[in-house]
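Asks: Fold the following for me, if possible:
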Amino acid sequence: MLNRILKSPSTRFAVFATITVLSCGSFFHQARAAGNTANTTATANAHMLIPIAISKVDDLNFGETYDGDALLTISANSTESGSGTAIRKAAEFSLTGEGGHSFQYQLSGSSVTMTTGDGSGATKQMVVNNFTALPAFSSGVTGTTTMSGSAGSSGAKTIYIGGDRAAPIASQVTGTYVSPNFTMTVTYN
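Replies: Predicted coordinates:
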């Protein structure tokens, strides 16, 4: 029956016209959809910070002491006093890095033990603890502050560390007492 319908000239034209119309409708629909689009572009960006650096300017120094002396506190905001072996001053650290950028600073521990000689026994040891900082620690021996200056330029910051030296005990051995290093670590936030 399909052969008979297709053999008729008017039917062939109608079938051809229908197929053509369907094909063109599909073409026009696609063309119209393509004209109804939009696009834009974006880039990837990053800013490499000026490396953060730290150096020690001064050690935490408790100066001279003697048998029967009391606990001594050196505050983080104290200024240097005395001379020679009697100098008392807070530790000082100098930092450089990206201006206007915040960073975290942290001491390696909450106490150190200064020793003399072989350091064995309480009479050759003095504990330093209760560290304080300027700018102040926010938790334990950790704080956060900001470099001077503005982004894209060099900045600087100074951090001071104070603490308590325990009172010497009876029969404390004479000599110079030195602690192992305590470390100040700084990290960009």
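
Asks: Could I get the full set of strands for the chain?
Replies: 53-58, 61-62, 72-74, 88-89, 91-98, 102-107, 111-115, 125-134, 142-146, 154-165, 184-188 (DSSP state E).

Asks: Could you pull up the residues touching Q172?
Replies: D67, T123, M126 (CB atoms under 8 Å, 6 or more residues apart in numbering). (Glycine included, C-beta is placed from N, CA and C.)

Asks: The second one reaches I169, doesn't it?
Replies: Yes - the pair formed by T123 and I169 meets the contact definition of CB atoms under 8 Å, at 6.6 Å.

Asks: so which of the strands of the chain comes closest to N39?
Replies: If you check each of those against N39 by CB to CB, strand 91-98 wins as the nearest, at 35.7 Å.

Asks: Now do the domain split for this structure, please.
Replies: 2-34, 53-188 (automatic domain parsing).

Asks: Return the most buried member of those domains.
Replies: Comparing these by mean neighbour count (mean count of other CB atoms under 10 Å), domain 53-188 comes out on top with a mean of 15.

Asks: quick one: low-confidence parts of the protein?
Replies: Applying pLDDT under 70 to the chain picks out residues 1-34.

Asks: contacting residues for H47?
Replies: H47 touches A151, G152, counting by CB under 8 Å, 6+ apart.

Asks: scratch that, E64 is what I was asking about
Replies: Residues near E64 by CB under 8 Å, 6+ apart: G82, T85, A86.

Asks: and which of those residues is nearest to G143?
Replies: G82 (27.7 Å).

Asks: surely that closest one meets G63?
Replies: Yes - at 5.4 Å, G82 counts as touching G63 under the criterion of CB under 8 Å.

Asks: Overlap of the contact sets of those two?
Replies: Common neighbours of G82 and G63 are listed as R88 (criterion: CB under 8 Å, 6+ apart).

Asks: Would you confirm that A122 contacts I169?
Replies: Yes - if you go by CB under 8 Å, A122 and I169 touch, sitting 6.0 Å apart.

Asks: So what sits opposite S94 in the bridge?
Replies: S94 has these beta-bridge partners by DSSP bridges: S55, T158.

Asks: so how far is A76 from it?
Replies: 15 Å (CB to CB, to the nearest Å).

Asks: Let's have the strands of the chain in a markdown table, adding distance to N36.
Replies: Shown next, in a markdown table, are the strands of the chain (distance: least, CB to CB, whole Å):
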| stretch | distance to N36 |
| --- | --- |
| strand 53-58 | 56 |
| strand 61-62 | 77 |
| strand 72-74 | 74 |
| strand 88-89 | 74 |
| strand 91-98 | 46 |
| strand 102-107 | 47 |
| strand 111-115 | 71 |
| strand 125-134 | 62 |
| strand 142-146 | 50 |
| strand 154-165 | 51 |
| strand 184-188 | 47 |
